[in-house]
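A.B. asks: I need the structure of the sequence given here:
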Amino acid sequence: MELLNGNLELKEIQQLQGHTDRVWSLAWNPATASADVPAVFASCSGDKTVRIWEQSLSTRSWDCKAVLEETHTRTVRSCAWSPSGKLLAIASFDSTTAIWENVGGDFECVSTLEGHENEVKSVSWNASGSLLATCGRDKTVWIWEVMPGNEFECIQVLQGHTQDVKMVQWHPTMDILFSCSYDNTVKVWWSEDADGDWSCVQTLGETSNGHSSTVWSLAFNAKGDKLVTSSDDLTLKIWEADIIRMQSGDGYAPWNHLCTLSGYHDRTIFSVHWSREGIIASGAADDVVRLFVESKEGSMNGPSYQLLLKKEKAHDMDVNSVQWCPGEKRLLASASDDGTIKIWELQTLP
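C.D. replies: Below you'll find the model as predicted:
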């Protein structure tokens, strides 16, 4: 990837308006953005709604196709599509998670998951779409099994975090669950066998080169052997594990700290996402979007990452979410406290 040699620009393609409060999070539909299927993503907001946006194949412009509303009484904080792109899970501060189904282009709320004591902060599907995880301010992580007929059964409540759990994320290929928290740690949960209990097999904390303040988000590279975490301590950290060993059924392989990206951010880093070709995007409270890539040289101490570019004033307020489009194009969506979403394209300058 000859990105470092090129002259690159993060070009604003379109600004999307419609939400009447801050936009918290974005999720691209993984079953879209191929040659003949237009790209689709969902956005969720403090206005208690989720909006579904679609790109026109002819004009390439983005339009709001649906507004999902009247299911939540408070902020919608997080949304996630099932791998098939048919179901959209949305987590709300009203303590519930709603499941919406796309039925021939119309969205219907088919299930509501209750159990968290208060705000649900994040929701994530596993790679096969058979499990859903939720987390919240009640310090717990819930694992739900997807049953026939859009029924969801809680199979375990995971306790271990000592504070608000900000985000849950399944590994892209294996049934390993990651959660990050206001308690400054990332916890890794896994089950020895398909029907066994889930337990915390590793805590990435300050004593293991982890973060010294709230961990807001995490993301995996395409291969799934690296993890990036973002924090209130103004750093990004890269972690690595021997996933070949885990995939071969040879037990759990721990995640080890590879490097820390510090000195680039001066406010909290709320969101981080890794593109298929290895570009890390970050969104922060300084209204800036930054892109990082692994540097060619590397150092004596192993891999290092460097700033590819920095988009100042990407938004008028905090950038809460950055998400790369799953398609071929280098499209990035960002969401902000300013109530807008922006679509960017990483372009090579002539």
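
A.B. asks: List the residues that contact the residue nearest to residue 227 when sequence neighbours are not counted.
C.D. replies: Of all residues not flanking residue 227 in the chain, residue 239 sits nearest, at 4.3 Å (Cβ to Cβ, 6 or more residues apart in numbering). Using the backbone N, CA and C atoms, a C-beta is placed for each residue, glycine as well. Applying Cβ atoms under 8 Å, 6 or more residues apart in numbering to residue 239 gives the contacts 204, 226, 227, 228, 229, 255, 256, 257, 258.

A.B. asks: Just the residues you listed: which are in strands?
C.D. replies: Applying DSSP state E to these, the entries found in strands are 204, 226, 227, 228, 229, 256, 257, 258.

A.B. asks: Residue 140 reaches residue 154, doesn't it?
C.D. replies: No - when contacts are counted by Cβ atoms under 8 Å, residue 140 is not listed as touching residue 154 (10.5 Å).

A.B. asks: give me the element the residue nearest to residue 227 is part of.
C.D. replies: Under the criterion of DSSP states H and E, residue 239 resides in strand 236-240.

A.B. asks: Any buried residues in that strand, and which?
C.D. replies: By 16 or more other Cβ atoms under 10 Å, the buried positions in strand 236-240 come out as 236, 237, 238, 239, 240.

A.B. asks: next one: stretch 143-162
C.D. replies: Quick answer for stretch 143-162 (16+ other Cβ under 10 Å): 143, 144, 146, 152, 156, 158, 160, 161.

A.B. asks: hmm, who's touching the helix or strand containing the first one?
C.D. replies: Read it as residue 143. Per DSSP H and E, residue 143 falls inside strand 140-147. Contact with strand 140-147 is made by 113, 115-116, 129-135, 152-159, 161, 165, 168, 177, 179, 187, 189, 198, as judged by Cβ under 8 Å, 6+ apart.

A.B. asks: The helix or strand that that strand is followed by pairs with which strands, parallel or anti?
C.D. replies: Later in the chain than strand 140-147, the nearest helix or strand by DSSP H and E is strand 151-159. Here strand 151-159 is paired, per DSSP bridges, with strand 140-147 (antiparallel).

A.B. asks: quick check, distance from the strand it pairs with to the centre of its chain.
C.D. replies: Chain-centre distance of strand 140-147: 18 Å, with Cα atoms, centre = their mean, to the nearest Å.

A.B. asks: Kindly report the same for stretch 51-63.
C.D. replies: 22 Å.

A.B. asks: Likewise for stretch 61-68?
C.D. replies: With Cα atoms, centre = their mean, you get 21 Å for stretch 61-68.

A.B. asks: before we move on, what about stretch 263-283?
C.D. replies: 11 Å.

A.B. asks: Buried residues, it. List them.
C.D. replies: Here stretch 263-283 shows 264-265, 268-275, 278-283 as buried, counting by 16+ other Cβ under 10 Å.

A.B. asks: Then stretch 21-34?
C.D. replies: 22, 23, 24, 25, 26, 27, 28, 29, 31, 32, 33.

A.B. asks: Can you give me the buried ones in stretch 222-232?
C.D. replies: Buried residues in stretch 222-232 (16+ other Cβ under 10 Å): 224, 225, 226, 227, 228, 229, 230, 231, 232.

A.B. asks: Could you do stretch 184-200 as well?
C.D. replies: So for stretch 184-200, counting by 16+ other Cβ under 10 Å, buried means 184, 185, 186, 187, 188, 189, 190, 191, 198, 200.

A.B. asks: Strands along the stretch 51-200 of the chain, start to end?
C.D. replies: 62-68, 76-81, 87-92, 96-103, 106-114, 120-125, 131-136, 140-147, 151-159, 165-170, 176-181, 186-191, 198-204 (DSSP state E, counting those that start in this stretch).

A.B. asks: residue boundaries of the strands in the stretch 201-350 of the chain?
C.D. replies: Under DSSP E, counting those that start in this stretch, the stretch 201-350 of the chain gives strands at 215-220, 226-231, 236-240, 256-261, 269-274, 280-284, 289-294, 305-311, 319-324, 331-336, 341-348.

A.B. asks: which helices and strands sit right next to the fifth one?
C.D. replies: Using 3 or more Cβ pairs under 8 Å, 6 or more residues apart in numbering; DSSP states H and E as the contact criterion, the elements in contact with strand 269-274 are strand 215-220, strand 226-231, strand 280-284, strand 319-324.

A.B. asks: any chance of these in JSON lines, with distance to residue 88 and mean pLDDT too?
C.D. replies: Output for those, formatted as JSON lines (distance: least, Cβ to Cβ, whole Å; pLDDT from 0 to 100):
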{"stretch": "strand 215-220", "distance to residue 88": "19", "mean pLDDT": "98"}
{"stretch": "strand 226-231", "distance to residue 88": "24", "mean pLDDT": "98"}
{"stretch": "strand 280-284", "distance to residue 88": "21", "mean pLDDT": "98"}
{"stretch": "strand 319-324", "distance to residue 88": "14", "mean pLDDT": "98"}
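
A.B. asks: nearest to residue 48, of those strands?
C.D. replies: strand 319-324 (16.0 Å; Cβ to Cβ).

A.B. asks: how far off strand 226-231 does the closest one point, in degrees?
C.D. replies: 170 degrees (axes from the mean of the first three to the mean of the last three Cα atoms, to 10 degrees).

A.B. asks: right, and residue 219 touches residue 170 too?
C.D. replies: No - with contact defined as Cβ under 8 Å, residue 219 does not count as touching residue 170 (11.7 Å).

A.B. asks: Those two: which has the busier surroundings?
C.D. replies: Set side by side, residue 219 and residue 170 show more neighbours around residue 219, with 25 against 22, by other Cβ atoms under 10 Å.
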